[in-house]
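[1] build the 3D model from these lines:
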Amino acid sequence: MEEEEDDDDEVYSYGGGKGYKANKQKTKKKKEKPTQPQKLVPSDDNFPTDLEEGTTQTELDWLTKRNGALRNVTDQGNRRTCWTIASTRGLSASLVIADRFDPPDANLSALHMLVGLIDKVDTTGGLQNLEHLRSFMINWGAVLEEDCDCPQLALESKKDSSKPKPVLCTNKKKAKQTRTFKVKDLIILKEVDEKELMRLVNLGPVAVTIDVHTAFSTFKGDGIYTGPTNKCRKLDRHMLLVYGYGTDKLTGIHYWRVQNSAGLTWGMNGYGKIVRQISRGTEANKSLFTSVIYPQV
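    Okay, here's the model as predicted:
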């Protein structure tokens with residue numbers, strides 16, 4: 001399906017962050033309690049139609065399926081750095097699931113991404129073009145948090161031209177070689193096919209983007225986010241992780257499980273549910289996700 005283009009989409013960047021004040025370029029360790037599996041069978045009227053062919057699995061939760069696939073919920077605050085968080089966590093999950101390293105070591109640095117692309121972001125950290133992220137992850141890769149000594153005040157340096165430009169940690173002279181994790185490619189799907197997304201999520205958590213409206217930024221509880229009303233104004237673009245899927249027992253609504261980066265007050269302790277396309281009514285209602293991003297490792 002083709003993605004609708006807003007007339008002013010070019011001025012939006014990927015960032016999110018608390019407040020979501022129409023962010024244009026010019027301007028605990030708690031975990032979600034998993035629900036009990038919905039025992040749907042193919043003969044049920046409500047059996048989901050977006051599953052992979054030949055499968056009857058209607059529930060998936062990487063939070064419980066693989067230890068360490070997801071890190072604890074974080075809070076990006078007012079910085080529009082969701083893309084650094086979702087991209088590094090998506091890569092971390094892929095490396096853990098592929099047994100490239102153990103979960104305690106899979107803490108990749110989001111700050112490394114920000115400093116590496118400091119010339120490509122606005123003063124709040126928002127990244128407009130995801131191709132810059134793709135190029136960086138291919139050519140430079142990610143580093144572990146323990147190996148990253150990038151300056152925490154990188155954005156402050158960008159705002160003040162009198163301060164020196166932050167130096168990427170892999171460019172600094174060190175006594176030991178910094179271990180880097182490059183990707184073969186970073187796939188960016190701008191036309192969202194939720195059947196393809198289902199296939200990808202079966203392999204591991206996947207980063208997606210979504211348009212932010214007030215209903216999303218203030219979403220709380222264990223309900224299902226079903227999208228904005230016609231009166232809602234688009235505030236920003238945002239990137240987060242899809243880590244599973246399921247079906248609500250009472251309503252029969254099919255949903256995606258997501259991990260946000262807005263702290264523990266969003267959704268249910270930082271986790272949430274977003275309606276899948278097949279439960280949005282008619283075929284004219286496309287996916288709420290605007291793109292899908294995943295690494296080839």
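
[2] where in this protein is pLDDT low?
    For the chain, the stretches with pLDDT under 70 are 1-13, 18-39, 104-105, 153, 157, 159-167, 169-176, 282-284.

[3] ok, and the closest non-adjacent residue to residue 102?
    residue 68 (7.1 Å; Cβ to Cβ, 6 or more residues apart in numbering). Quick note: C-beta positions are derived from backbone N, CA and C, even for glycine.

[4] give me the neighbour count for that neighbour.
    Residue 68: 18 surrounding residues under other Cβ atoms under 10 Å.

[5] how near is it to residue 59?
    Taking Cβ to Cβ, to the nearest Å as the measure, residue 68 falls 20 Å from residue 59.

[6] which parts of this protein are strands?
    With strands called from DSSP state E, the chain shows them at 60-61, 142-143, 180-181, 185-189, 206-212, 224-225, 236-247, 254-259, 271-275, 289-296.

[7] quick one: the fourth one to chain centroid distance?
    A distance of 13 Å separates the centroid of the chain from that of strand 185-189, by Cα atoms, centre = their mean, to the nearest Å.

[8] for it, which residues meet the burial criterion?
    Neighbour counts over strand 185-189 (16 or more other Cβ atoms under 10 Å) mark 186, 189 as buried.

[9] for that strand, packing partners?
    helix 130-139, strand 289-296 (3 or more Cβ pairs under 8 Å, 6 or more residues apart in numbering; DSSP states H and E).

[10] now the strands of the chain as CSV including distance to residue 151?
    What follows is the strands of the chain, written out as CSV (distance: least, Cβ to Cβ, whole Å):
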stretch, distance to residue 151
strand 60-61, 37
strand 142-143, 14
strand 180-181, 19
strand 185-189, 25
strand 206-212, 25
strand 224-225, 36
strand 236-247, 23
strand 254-259, 27
strand 271-275, 31
strand 289-296, 26
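
[11] quick check, central residue of this structure?
    Among the residues of the chain, the one closest to the centroid is residue 240, at 2.1 Å (Cα atoms, centre = their mean).

[12] for it, give the beta-bridge partners.
    In this entry, residue 240 is beta-bridged to residue 208, by DSSP bridges.

[13] so what's it up against?
    Residue 240 makes contact with 16, 82, 86, 207, 208, 210, 258, 259, 260, 261, according to Cβ atoms under 8 Å, 6 or more residues apart in numbering.
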